[in-house]
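> Mind folding the following:
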Amino acid sequence: MTSGYGPEFGQEGLCEADLERALNGDIICVMRSGGRPSIPPTPLFASRSSDEGQTWTTPEPAAD
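Numbers count the residues shown, from 1 in each chain. As a prediction, the model looks like this:
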């Protein structure tokens, strides 16, 4: 998984994560991004782990 910092994640980076287990057993992590005043709203990002959190997919925008 990326560090969660960079222009695509806003000035604050990814934070305030919440985890949930999917029906197939994967772990889903949804994270807030923020601090990007020039492009409101800042989206939520989601990442998925299929190996109990050992590795994660690159966070992708999930909702505005």
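
> what pLDDT does the residue nearest to G25 when sequence neighbours are not counted get?
The spatial neighbour of G25 that comes closest, neighbours along the chain excluded (C-beta to C-beta, 6 or more residues apart in numbering), is S50 at 7.7 Å. C-betas here are computed from N, CA, C, even on glycine. In this model, S50 is scored at 98, pLDDT.

> Distance check, S50 against T57.
Counting by C-beta to C-beta, to the nearest Å, the gap from S50 to T57 is 9 Å.

> State the distance from the closest residue to P61 other than its chain neighbours to M31.
Excluding the flanking residues, the one nearest P61 by C-beta to C-beta, 6+ apart is P43, at 4.2 Å. As judged by C-beta to C-beta, P43 and M31 stand 10 Å apart.

> Repeat that for A22.
In terms of C-beta to C-beta, A22 sits 16 Å off from M31.

> Same check on G13?
On the measure of C-beta to C-beta, G13 and M31 end up 9 Å apart.

> okay, those two: which has more neighbours?
M31 (19 against 15; other C-beta atoms under 10 Å).

> who's in contact with R21?
Residues counted as contacts of R21 (C-beta atoms under 8 Å, 6 or more residues apart in numbering) are 27-28.

> try it again with 7 Å
I27 (C-beta atoms under 7 Å, 6 or more residues apart in numbering).

> low-confidence ranges in this structure?
Flagging of the chain using pLDDT under 70 yields the residue ranges 1-11, 35-41.
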